[in-house]
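take this sequence and fold it.
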Amino acid sequence: MSKSIKLAILGLGTVGTGVINLINDNLAELKRRSGRDIIITEVGTRRQRDDIDPTITQNSDLMAIAASDNVDIVIEVIGGTTLAKDIIIHAIKHGKHVVTANKALLAEHGNEIFALAEAHNVHVAYEAAVAGGIPIIKVMREALAANKIDWLAGIINGTGNFIMTEMRDTGRPFADVLAEAQALGYAEADPTFDVEGIDAAHKLALLASIAFGMPLQFDKVYCEGITEITLQDVNYAEQLGYRIKHVGFAVRRTNAEGEEGIELRVHPTLIPQNALLANVNGVKNAVLVNSHPLGQTLYYGDGAGAGATASAVMADVMDLVRVLGCERSESNAQSNTDTYSQKGQIGHHVPHLSFMPEQLSNTPILRAEQMITGYYLRVHAYDNPGVLADITRILSDAGINIDAILQKPAHKVGQVPVIILTLPVVESQMNLAIEKIQNLTAVTDKVVRIRLDELA
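Model prediction:
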């Protein structure tokens, strides 16, 4: 059990540096838990770093590192979907296990990468790709493996959650809070992936595939950001007993034809103030999973940052170290290759997407117009007799049940905002109703709609 495990770290930004620090700080604990010396042999960096241990080879040729005989596990933390993809494929073809935090790459190209890894009898681990230090991938692939997952809902982008929390707590508009998030380092100079929901959609695609045993289908995730959320709606939601959060949902549902399908959607959502996710604030992440027979379970913690992400990266490394240790110790005792493969894949690895690759199913992803949610509607109209009756009649004719109505004082002379909460309805019905409401001569502005979910 004395064989050392050799790591290469590609990318020395916040996460890569965090991994190095974690290994240096916890070296003795890592060996006690794994039975192996874990050493960094090579790092990929564009420029030489004086703060790196001189025994570690620094190299700007990332492809060479990925194929090096002096490396057992390649840790990819450079990001992006082009160079990172090429490097990971190169590493796999050279028999290296891979650990990555790259949710965009896996969401968009994971099917190809996982299939290649299986063909080459190595593993691609990605705990750090979703929700930072929260071990949600491991929980869903292992701890919940005996459960049938019905739905999951997650606050899985810390930047968006920070913005929605600050808007509610400080009464500042979206643009002001976004500027603060950028100043604090929570949001990038170009915050599009965070505020438009793309980052959350990448993560949801991964979670949904693990939950329901289907190929990755990022292109079918309905995605809506938070840039149009106003303080007016944040405050009205609070008055009605709700909070607006940016939530990703993956829901197993039977459609009108009796066929099972999956909703994949990321959007601003009103959720009850007493709901577990309603009280996840700041840059924290949380995922709520509803499964049978376990029921609802919540996973909460830091969704980003050097420490949280490095923790998740090294959790994957430790799993792979144990696999490598088992394969080497058992190779002398086992001659049956049907039981233990050269890399230990058959005897020790959990499948990449939790289900056996040949058992992944092409469950239909429901189209946006087939989704079912409740709704918050804000309608601005002239304060004329019969206007409210016209609005409620349109909703009734569309088969939409109203849960609550709130009429606020006029914000412009002669105009009033009417707030309506509905019970769950098929999106296509709501689309038709909103179009008719919008066409009423008394309605003065675009109808604002935000989806609503009771998380039950």
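
tell me where the stretch 51-200 of the chain has strands.
57-59, 73-76, 97-100, 124-125, 148-155 (DSSP state E, counting those that start in this stretch).

next, format those as TSV and append distance to residue 222 and mean neighbour count.
In short, each C-beta sits where N, CA and C put it, glycine included. Shown next, in TSV, are the strands of the stretch 51-200 of the chain (distance: least, CB to CB, whole Å; neighbours: other CB atoms under 10 Å):
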stretch	distance to residue 222	mean neighbour count
strand 57-59	42	17
strand 73-76	29	28
strand 97-100	26	27
strand 124-125	27	26
strand 148-155	14	22
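
any chance of those in a markdown table, plus mean pLDDT and distance to residue 21?
Shown next, in a markdown table, are these (pLDDT from 0 to 100; distance: least, CB to CB, whole Å):
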| stretch | mean pLDDT | distance to residue 21 |
| --- | --- | --- |
| strand 57-59 | 93 | 17 |
| strand 73-76 | 98 | 14 |
| strand 97-100 | 97 | 16 |
| strand 124-125 | 97 | 20 |
| strand 148-155 | 98 | 27 |
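
who wins for proximity to residue 116 among those?
strand 124-125 (8.8 Å; CB to CB).

out of the strands of the stretch 51-200 of the chain, flag the one nearest residue 32.
Per CB to CB, nearest to residue 32 of the strands of the stretch 51-200 of the chain: strand 73-76, 19.0 Å.

buried set for whichever strand or helix holds residue 324?
Assigned by DSSP states H and E, residue 324 belongs to helix 306-331. By 16 or more other CB atoms under 10 Å, the buried positions in helix 306-331 come out as 306-325, 327.

I'd like to know which elements it is packed against.
strand 5-10, helix 14-25, helix 27-34, strand 73-76, strand 97-100, strand 124-125, helix 345-348 (3 or more CB pairs under 8 Å, 6 or more residues apart in numbering; DSSP states H and E).

strands paired with the first one, and their directions?
This means strand 5-10. strand 38-44 (parallel), strand 73-76 (parallel) (DSSP bridges).

just want the angle from that strand to helix 306-331.
Angle of strand 5-10 versus helix 306-331, following axes from the mean of the first three to the mean of the last three CA atoms, to 10 degrees, is 140 degrees.

just how off-centre is strand 5-10 within its chain?
26 Å (CA atoms, centre = their mean, to the nearest Å).

swap in the longest one?
In terms of CA atoms, centre = their mean, the centre of helix 14-25 is found 23 Å from the chain centre.

next, give phi and psi for residue 375.
phi -140, psi 150 (degrees, to the nearest 10).

ok so, going back, CSV for the strands paired with strand 5-10, including distance to residue 281?
Formatted as CSV, the strands paired with strand 5-10 follow (distance: least, CB to CB, whole Å):
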stretch, distance to residue 281
strand 38-44, 36
strand 73-76, 31
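
just to revisit the earlier point, distance to residue 35 added to the strands of the stretch 51-200 of the chain, as TSV?
Output for the strands of the stretch 51-200 of the chain, formatted as TSV (distance: least, CB to CB, whole Å):
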stretch	distance to residue 35
strand 57-59	25
strand 73-76	16
strand 97-100	17
strand 124-125	19
strand 148-155	34
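
to residue 426, which of those lies closest?
Closest among the strands of the stretch 51-200 of the chain, using CB to CB: strand 148-155, at 17.0 Å.

in its sheet, what does that closest one sit against?
Strand 148-155 is paired, per DSSP bridges, with strand 242-254 (antiparallel), strand 284-292 (antiparallel).

what's it in contact with?
Strand 148-155 is contacted from outside by 131, 136, 140, 161, 200, 203-204, 207-208, 211-212, 245-252, 277, 280, 284-292, 453, 455, using CB atoms under 8 Å, 6 or more residues apart in numbering.

where does pLDDT dip in the stretch 101-250 of the chain?
Counting by pLDDT under 70, the stretch 101-250 of the chain shows no low-confidence range.
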